[in-house]
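Novice: missing the sequence, but the structure's below:
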């Protein structure tokens, strides 16, 4: 009888193979994960840059920024990506009106327009349809309004720069930005501080504070830690997230209850320093203080909301000049010319001649007082221009205060 030997792996051999394969997979997984993290980062960055370019072009073409869209509207809804009506003329003044899903806040912002009240910031998501319909050159489509983690990009904008009454003829003032952006150490990243026009935010891998494509908010944004030296409990936005133990940096971007955001370096190390958000923004530039008029390119105007001083460090009026103010052709003033206490005002019509009494014959104006001409005789007393009947004066000389006219007859 012939005996045949069986072949195959024993249990011990199979165990060894499984262990080796496991070790190989374990050694490869970190590289795969690092590769995926890098890919997600750059995909998200690319979409943020697409959105950033699109918003700048929108401003260049419309004279304003778009109002945010409702982040709770799902992708398959007909109203997805539409501007909220919060920025139109009827709702703009009513700061208490804030559509469902959007955040309207003045917490953590600045008073950019000088009315002693902090300016509103509107927080929602990118109005994809409004942007896509308005721009022509910057590539931007529906897929660019989300990050690599299938969440919508958050969009916060200064309300005064998104008014629908603004246009190319009457554009938004570029100094009106009121969004406050800080780094990990609570240092301002814009100059002047808190002057960003808008901010677009990807809430990163963990998605805390983002809205998914179906309109549901992701993550937990509750902050319960009481910061030392602050009211107990602290009001939203007052927590110094960079120096308070137990508070993640990115919670400031997650809460969406104020106009303050953290722009930090990405760190995926677990703990208080974990930060996986990405933010791009736009703020004013130095040259924006002077702008060329869109009505007449020969006109140049100052966009400053405060007062302008020439050799005056603390001007009390729209224009304060320490010295002489000269006009070679004309001077126009809507409110009159007054002293610093708004007294002794001169009616501009008086200078224009419509309300000024002429000096009597033989006298000339030497000044203006109480909105009337101050007249003096053209020549000293005793000067005569009488040539008699049928003659006229052709010249005269002055000799000892007495003029002898040169006369001629027709």
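Specialist: Looks like it came in fine. Here the structure is a predicted model, which is why all the values come from computation and not from measurement.
Novice: If you count contacts, what does the longest helix belonging to the chain end up packed against?
Specialist: Of all the segments of type helix in the chain, defined by DSSP state H, the longest one is helix 11-62. Helix 11-62 sits against helix 128-134, strand 196-202, strand 278-283, with contacts defined as 3 or more Cβ pairs under 8 Å, 6 or more residues apart in numbering; DSSP states H and E. All C-beta spots, glycine's among them, are computed from the backbone N, C-alpha and C.
Novice: Low-confidence regions, the stretch 51-200 of the chain specifically.
Specialist: 89-96 (pLDDT under 70).
Novice: circling back: take the helices and strands packed on helix 11-62 and write them to CSV, including mean neighbour count.
Specialist: Output for those, formatted as CSV (neighbours: other Cβ atoms under 10 Å):
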stretch, mean neighbour count
helix 128-134, 18
strand 196-202, 26
strand 278-283, 20
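Novice: Quick one: closest of the ones you listed to residue 116.
Specialist: strand 196-202 (21.0 Å; Cβ to Cβ).
Novice: residues in contact with that closest one?
Specialist: Residues external to strand 196-202 that are found in contact with it (Cβ atoms under 8 Å, 6 or more residues apart in numbering): 44, 47-48, 51-52, 55, 59, 65, 126, 147, 149, 151, 153-158, 161, 174, 176-181, 190, 209-210, 253, 261, 277-284.
Novice: contacting residues around the spatially most central residue of the chain?
Specialist: The geometric centre of the chain, computed from its C-alpha atoms, lies nearest to residue 177 (Cα atoms, centre = their mean), at 2.5 Å. Each residue near residue 177 by Cβ under 8 Å, 6+ apart is listed here: 112, 158, 161, 190, 194, 195, 196, 197, 198, 282, 283, 284.
Novice: Now the last one: closest residue in space that isn't a chain neighbour?
Specialist: Looking back up the chat, that one is residue 284. residue 174 (4.7 Å; Cβ to Cβ, 6 or more residues apart in numbering).
Novice: what do you get for the fourth one?
Specialist: Ranked by Cβ to Cβ, 6+ apart and with sequence neighbours excluded, the top spatial neighbour of residue 190 is residue 283, at 4.5 Å.
Novice: Assess the claim that the one you found and residue 195 are in contact.
Specialist: Yes - under the criterion of Cβ atoms under 8 Å, residue 283 makes contact with residue 195 at 5.3 Å.
Novice: quick one, phi psi at residue 182?
Specialist: phi -120, psi 160 (degrees, to the nearest 10).
Novice: Is residue 407 in a helix, a strand, or coil?
Specialist: strand (DSSP: H, G, I helix; E, B strand; the rest coil).
Novice: Would you confirm that it contacts residue 395?
Specialist: No - the pair residue 407 and residue 395 does not pass the contact test of Cβ under 8 Å, sitting 9.1 Å apart.
Novice: Neighbour count: these two, which is higher?
Specialist: residue 407 (16 against 10; other Cβ atoms under 10 Å).
Novice: any idea how far the more buried one lies from residue 390?
Specialist: Residue 407 sits 10 Å away from residue 390, going by Cβ to Cβ, to the nearest Å.
Novice: How many residues are close by the residue nearest to residue 310 when sequence neighbours are not counted?
Specialist: Sequence neighbours aside, residue 321 is the residue nearest to residue 310 in space, at 4.7 Å (criterion: Cβ to Cβ, 6+ apart). Using other Cβ under 10 Å, residue 321 has 13 other residues around it.
Novice: you'd agree residue 321 is up against residue 312?
Specialist: Yes - with contact defined as Cβ under 8 Å, residue 321 reaches residue 312; the gap is 7.2 Å.
Novice: can you list contacts of stretch 130-149?
Specialist: Residues outside stretch 130-149 that contact it (Cβ under 8 Å, 6+ apart): 39-41, 43-44, 47-48, 50-51, 53-58, 61-62, 66-67, 69, 75, 81-83, 125-126, 128, 152-153, 202-205, 207, 210, 213, 278.
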